[in-house]
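[1] Predicted model and sequence below, questions to follow.
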Amino acid sequence: MAVLVSSALPSPITTRFTQPVKTIADIEALEQRPYDSLIPARNLHHLFEATARLHPDRPALTILTRGSREPGDVTLTHRQLLTAIARAANLFRSHGIEQKGGTVAFLCPILPQLFPALLGAQVAGVASSINYLLNEDAIADLLSAQNATVLVVASEAADAAIWIKANNVAQRVPSLKTIFAIGANGPLPGGFLNFNEAVGSTRGTLDFAPSTDRNAICALFHTGGTTGRPKLVRLTHGNQIHAAWSFAQVHGLDELDAAVNGFPLFHVGGTMTLGLSILAAGGHVIIPSPYSLRSPEAIRDYWHTVERFRATIVSGVPTSIAALAEVPIGSSDVSTVRMALTGGAVAPKAVSDRFQARTGITLFETYGMTETAAAIAFNPGRGTPVQGSVGFRAPFAKTKIVALADAELKTECPPLTSGLVLVRGPQVFPGYVDPQHDKGVLTDDHWVVTGDVGYLTPDQRLVLTGREKDLIVRSGHNIDPAAIEDVANAFPGVQMSSAVGMPDAYAGEVPVLFVVPSPGQTIDLAQLREHLEHNVNEPPARPKRVVLLEALPVTAVGKIFKPTLRDLAVREKVRTEIDRIFGPDTAADILVEKDEKLNTVVSISVHSGDLDRTKMLVESLATLPQTYRIENRSS
């Protein structure tokens, strides 16, 4: 199974077990052995030393720079990957990066040099990979907050849009001392250094002794969650080593595994779930495009990629899984695949069923968050997953469910009773860069409050039922959006759906459902509403409105972005009231924004000269919690 050893330690230990993890008893059996005998590595470099020694000539990392069907692939063996990591670490150390110094920040798609450079920066000090889709203000704020002194960006030739952002942002961050450009094929402007040339001039073995303190911070991640402002999560060597080891043990990873990693590297799904865990087990990570599965070509050619590299593991967030289910496998041979991994959000049952029926591949749900290096719970990769469950806790970690009404987080729920999910263990982060962000997330005794709602089964499997903040509260009654979405997703022609609360003067909020049809399909809304009426068991959960969308809003990693849907729900409420008061053909401009305190402000311009009806609209919306600014304008 997994291999996590260190040639730098006096007695390297390979953690291979003849009995694969299938039950909680197998995890408990692991916990009977001394922790350091199972996980001797003290830093990330130890992991790559081990795999380079054990599997020097096996492929470690392949980047498909032009997709699966075009030339331009770059593959590194485990020995070559170790060399590339050491070169990058030496380069960053020579530019002043140390454990207590500044941060090496990355603003770049997954070019061939990026992954080794990102790992090398963590060996040298602290690394941070930033979502290049963010706007310039957000990027500048993140760079300043993390005290970035070195910035690595995509060159103009590699990505012109990122290059423009980098040039504009660099002028706004006083801490930056050095800027490297990856993929440059010509002269660079003043202030920029050619990364390829600079890293090529360094030695392929470390010039320094890396820290052996597992508690040393080596990575910062800005949270990719669906609510609130980005926060900088600090992760240690120990957090990531434990998470990688946990994935390897429970998923049964080894050097024969080849995984198609469709996540970006500014997210723990890409760096940990389908990254470090595979590499540390001696396996092969395949990146389907520099832009992950945001590339339409990567989706279109996905099954060809699987066949070409004889992949054993495929992956994606639920929205990606839904998209892959629509791609015919055709003549591609996918018989090597032993599991499909999904996480980042609860996988709707209909989406899981559709994917498994069309591909013949078993889907395994996993559960994690940035603050736990992606590792909270897993369905055992050598066992049988239970649909709807995200599996067992990580070894040496704890999960507990506490009552939602208990502000002290002390009242634990019995099995099969839903509550707030809390996690503690070696993978749990030490806190945010700004300690003020710890409040409400990290308890004094180091439990992470996930914000997710779920329950434990009698055999200790975790089942998620929603997010605390995603619950629709109708007249004080909690409605789980999944209870609506699961029914909608089973309707013919529905690819994906998402339910949120729509403002309501009487009930506070009522459910509204947004639906995306499968490619080439049309949806009869009347029939869908009838289907929901008959199959959503709880009358208060039946949607008051169903809205067709071409696509659901998603984050950069493909998770459904519910704040945008909530804004759309506000628009739907306003539109409903305008139709009721003025008539359905009345033109109106509706703009939903946030003020400086993140309160929702709605500006409405009604194209009608009827002042009496405008007054009725003002009175109708005045009872809602949002701020409404209404003007009447004759067309």
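    That came in fine, so what should we check first? Numbering: from 1, shown residues only.
[2] Point out where this structure drops to low pLDDT.
    1-19, 99-100, 224-230, 469, 475-477, 506, 596-598, 634-635 (pLDDT under 70).
[3] Quickly list the domain ranges of it.
    28-456, 471-553, 563-632 (automatic domain parsing).
[4] Nearest to V463, out of those domains?
    Taking C-beta to C-beta, domain 28-456 is the member of the domains of the chain nearest to V463, at 4.9 Å. The C-beta positions use only the backbone N, C-alpha and C, and glycine is treated the same way.
[5] Give me the buried positions along stretch 537-548.
    Within stretch 537-548, the residues that count as buried by 16 or more other C-beta atoms under 10 Å are 541-547.
[6] ranking the domains of the chain by burial, who's on top?
    Scoring those by mean neighbour count under mean count of other C-beta atoms under 10 Å gives domain 28-456 as the most buried, with a mean of 20.
[7] and the end-to-end length of it?
    16 Å (C-alpha to C-alpha, to the nearest Å).
[8] Tell me how far it lies from the chain's centre.
    Its chain's C-alpha centre and that of domain 28-456 lie 9 Å apart, by C-alpha atoms, centre = their mean, to the nearest Å.
[9] So what does the residue sitting furthest away from the middle of the chain have for phi and psi?
    Within the chain, D612 marks the point farthest from the mean C-alpha position, 49.1 Å out by C-alpha atoms, centre = their mean. As for D612, its main-chain torsions (degrees, to the nearest 10) stand at phi -60, psi -40.
[10] got it, and V123?
    Here is the backbone geometry of V123 (degrees, to the nearest 10): phi -70, psi -40.
[11] Which residue, neighbours along the chain excluded, lies closest to it?
    Excluding its sequence neighbours, the residue lying closest to V123 (C-beta to C-beta, 6 or more residues apart in numbering) is A89, at 4.1 Å.
[12] And that neighbour, which helix or strand is it part of?
    Using DSSP states H and E, A89 sits in helix 78-94.
[13] Next secondary structure after that helix?
    strand 103-107.
[14] ok, and what's touching stretch 622-635?
    Here stretch 622-635 makes contact (C-beta atoms under 8 Å, 6 or more residues apart in numbering) with 503-505, 570, 573-574, 587, 595, 599-611, 614, 617-618, 621.
[15] same deal with stretch 523-533?
    By C-beta under 8 Å, 6+ apart, stretch 523-533 touches 484, 487-488, 491, 493-494, 513, 515, 517, 542-543, 546, 548.
[16] Narrow the residues you listed to those in strands?
    Counting by DSSP state E, the contacts of stretch 523-533 place 494, 513, 515, 517, 546, 548 in strands.
[17] so which of these comes closest to N131?
    After measuring these against N131 - C-beta to C-beta - the closest member comes out as V515, at 27.5 Å.
[18] residues in contact with the residue lying closest to the closest one once chain neighbours are set aside?
    The shortest distance from V515 to any non-neighbouring residue, by C-beta to C-beta, 6+ apart, is to S497 (4.6 Å). Counting by C-beta under 8 Å, 6+ apart, S497 touches 348, 484-485, 488-489, 513-516.
[19] Swap in 7 Å and give it another go.
    In this structure, S497 makes contact with 485, 488-489, 513-516, judged by C-beta atoms under 7 Å, 6 or more residues apart in numbering.
[20] now swap in I479 and tell me
    471-472, 511, 540-541 are the contacts of I479 under C-beta under 7 Å, 6+ apart.
[21] Endpoint to endpoint, stretch 298-306 covers what distance?
    11 Å.
[22] what helix or strand does the residue nearest to V515 sit in?
    strand 494-504.
[23] ok, that strand: who's next to it in the sheet?
    Using DSSP bridges, strand 494-504 pairs in its sheet with strand 508-517 (antiparallel).
[24] can you state the direction angle for the following helix or strand past the strand it pairs with and strand 494-504?
    Of the helices and strands lying after strand 508-517 in sequence (DSSP H and E), the nearest is helix 525-535. Angle between the axes of helix 525-535 and strand 494-504 is 80 degrees (criterion: axes from the mean of the first three to the mean of the last three C-alpha atoms, to 10 degrees).
[25] Please put the alpha-carbon coordinates of helix 525-535 into PDB.
    In PDB, the C-alpha atoms belonging to helix 525-535 read as follows (Å, rounded to 0.1, in the frame of the first residue of the first chain):
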ATOM      1  CA  LEU A 525     -40.900  23.200 -16.000                       C
ATOM      2  CA  ALA A 526     -44.500  22.300 -15.400                       C
ATOM      3  CA  GLN A 527     -43.700  18.600 -15.300                       C
ATOM      4  CA  LEU A 528     -40.600  19.300 -13.100                       C
ATOM      5  CA  ARG A 529     -42.800  21.300 -10.600                       C
ATOM      6  CA  GLU A 530     -45.300  18.400 -10.500                       C
ATOM      7  CA  HIS A 531     -42.400  16.000  -9.900                       C
ATOM      8  CA  LEU A 532     -41.100  18.100  -7.000                       C
ATOM      9  CA  GLU A 533     -44.600  18.500  -5.600                       C
ATOM     10  CA  HIS A 534     -45.100  14.700  -5.500                       C
ATOM     11  CA  ASN A 535     -41.600  13.600  -4.400                       C
END
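[26] who touches R613 in this structure?
    Here R613 is in contact with 581-582 (C-beta under 7 Å, 6+ apart).
[27] Helix or strand: which one has it?
    Counting by DSSP H and E, R613 is found in helix 611-621.
[28] Could you identify the helix or strand that succeeds that helix?
    Following helix 611-621 in sequence order, the next helix or strand is strand 627-632 (DSSP H and E).
[29] That next one pairs with which strands, and in what direction?
    By DSSP bridges, strand 627-632 pairs with strand 600-606 (parallel).
[30] What lies in contact with stretch 183-192?
    111, 154-155, 157-158, 179, 181, 194, 196.
[31] and those as CSV, adding distance to N215 and secondary structure?
    Shown next, in CSV, are those (distance: C-beta to C-beta, whole Å; DSSP: H, G, I helix; E, B strand; the rest coil):
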residue, distance to N215, secondary structure
L111, 32, coil
A154, 33, strand
S155, 36, coil
A157, 40, coil
A158, 36, coil
I179, 30, strand
A181, 34, strand
N194, 35, strand
N196, 34, helix
